[in-house]
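Asks: how would this look folded up:
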Amino acid sequence: MITDAFDNSEVLFGTKDFYGEQKHLCDKCMIVFSELIFEYMLDTYEHQEVGVIRCCNGITPVYVFDIEGMKIAGYLSHIGSALAGGDVIDVNWLTGAVKFIMFGSAGSLDSGLTTGKFVIPTHSYREEGLSYHYAPPADYIEVKNAKTVKAIFDELKLPNVLGKVWTTDAIYRETKAKFDARKKEGCIAVEMELAGVQAVCDFYGWELYNFLVAGDVLDQAVYDVSGLADANHNREGVSTNGKENHTRSNVSCAEISGRDRSRQAGDNGSVGYFKSKFRSLRRDGGEHDWSEQKYYCSGSRTISVCND
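Replies: Sure, this is the predicted structure:
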């Protein structure tokens, strides 16, 4: 049984066997799921490629960015708990990072709570496989740094809501019965990586900081499938059939339109963006200004957040 998978016996091989000696280049790392956000980072900040995540069907470059004098690793993560969790282990070995900031988007299970707000997970339901290899069996795993993330968002005056989420790696098996069960337990969103990545970080003693933006809404009487066929195929808000995608505007804080949970159809989704003046808190107590920055989300779940 998968629930018997956790043990602390000796492993047969590890990261050193794949990559050689561990590097110690920085202690922080950003886990990015949007190709457009990552392209923005590469275009905006000085960076150096320091290694690659190796795989038989391709490689994933890992960079160290210089952001306001801070060295921060970053990479474009694979999708799903198993792959995303493996990426974290590899990147720790390639960079030395032990503090991981992971952000992405999710489906809303309670639009009344999530609309116009960042979702800060407190616990994640473990409907995936990876977490059971890194943590004892349980229905939920605690997201230990939720209060820290909330304190930062509150300081930045960014609207947010704390709540449980549901991690699944079976996007096409989000059923009505599962939705009802998870919502009854207090879950407010569904995504694909958190439970596994949190379990990996807990196992190795690393820190994970996670936040989400809810995209498609699952708590409608009838799930709105309009736009899904075109959701992942362009970057300019124009669908593959030449018609404009249904990206709403004139929102007071956040606008949701589609998914970013999978690049199964390619990560070239309808693009939303938000321009927001805010400060980024630094771990050393300092702060710096971010003026009129643009942040893009793409893929099958996309968002745009703007100022009031």
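
Asks: use CA for all of it now, contacts and neighbours both
Replies: Will do.

Asks: for the stretch 51-200 of the chain, what spans make up the strands?
Replies: 58-67, 70-76, 99-108, 118-127, 140-142, 160-168, 187-191 (DSSP state E, counting those that start in this stretch).

Asks: Pairing partners for the fifth one, with directions?
Replies: When pairing is defined by DSSP bridges, strand 140-142 lines up against strand 118-127 (antiparallel).

Asks: Please export the C-alpha coordinates of the strand it pairs with as CSV.
Replies: Taking only C-alpha atoms (Å, rounded to 0.1, in the frame of the first residue of the first chain), the coordinates of strand 118-127 have been written out as CSV:
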residue,chain,number,x,y,z
PHE,A,118,-4.2,35.4,-2.7
VAL,A,119,-4.7,32.0,-1.1
ILE,A,120,-2.2,31.1,1.6
PRO,A,121,-2.4,27.3,2.4
THR,A,122,-2.3,26.1,6.0
HIS,A,123,-2.7,22.4,5.2
SER,A,124,-2.9,20.3,2.1
TYR,A,125,-4.9,17.1,1.4
ARG,A,126,-2.5,14.4,0.2
GLU,A,127,-4.2,13.0,-2.9
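
Asks: Hmm, Gln198 and Cys135 touching each other?
Replies: One correction, residue 135 is Ala, not Cys. No: here Ala135 lies out of contact with Gln198, judged by C-alpha atoms under 8 Å, at a distance of 9.4 Å.

Asks: So which of these two has more stuff around it?
Replies: Gln198 (27 against 21; other C-alpha atoms under 10 Å).

Asks: Quick check: that one vs Thr3, distance?
Replies: From Gln198 over to Thr3 the distance is 17 Å, taken as C-alpha to C-alpha, to the nearest Å.

Asks: ditto for Asp169
Replies: The span separating Asp169 from Thr3 equals 16 Å under the rule C-alpha to C-alpha.

Asks: ok, those two, which is more surrounded?
Replies: Shown here are Asp169 and Thr3; by other C-alpha under 10 Å, Asp169 has more neighbours (21 against 13).

Asks: Got phi/psi on Cys56?
Replies: phi -70, psi -20 (degrees, to the nearest 10).

Asks: Then Lys23?
Replies: With angles defined as degrees, to the nearest 10, Lys23 shows backbone torsions of phi -100, psi 150.

Asks: show me the contacts for it.
Replies: 93-96 (C-alpha atoms under 8 Å, 6 or more residues apart in numbering).

Asks: Recalculate using a threshold of 10 Å.
Replies: Shown in contact with Lys23 (C-alpha atoms under 10 Å, 6 or more residues apart in numbering): 50-51, 91-97.

Asks: Check Ile89 too.
Replies: When contacts are counted by C-alpha under 10 Å, 6+ apart, Ile89 touches 14-15, 53, 96-98, 197, 200-201, 204.

Asks: hmm, back to that, pull out the buried members of the contacts of Lys23.
Replies: Neighbour counting over these (16 or more other C-alpha atoms under 10 Å) leaves 51, 91-97 as the buried ones.

Asks: residues contacting Gly186?
Replies: Applying C-alpha under 10 Å, 6+ apart, one finds that Gly186 lies in contact with 109-110, 123, 163-166.

Asks: most surrounded residue in the residues you listed?
Replies: Going by other C-alpha under 10 Å, Val165 tops these with 33 neighbours.

Asks: Can you verify my assumption that that one contacts Thr114?
Replies: No: applying C-alpha atoms under 10 Å, one finds Val165 not in contact with Thr114, separated by 11.6 Å.

Asks: any shared contact partners between these two?
Replies: Residues touching both Val165 and Thr114 comprise 107-108, 188-189, 212, with contact defined as C-alpha under 10 Å, 6+ apart.

Asks: Of those, which is the nearest to Asp43?
Replies: Comparing the shared contacts of Val165 and Thr114 against Asp43 with C-alpha to C-alpha picks out Leu212 as the nearest, at 23.6 Å.

Asks: Could I get the full set of helices for the stretch 101-250 of the chain?
Replies: Residue ranges of the helices in the stretch 101-250 of the chain, as given by DSSP state H, counting those that start in this stretch, are 111-114, 131-134, 146-155, 176-184, 194-204.

Asks: Same list, the ones you listed, but as TSV with mean pLDDT and distance to Met30 please.
Replies: Written out in TSV, the entries for the helices of the stretch 101-250 of the chain read as follows (pLDDT from 0 to 100; distance: least, C-alpha to C-alpha, whole Å):
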stretch	mean pLDDT	distance to Met30
helix 111-114	91	24
helix 131-134	97	20
helix 146-155	97	14
helix 176-184	94	29
helix 194-204	98	13
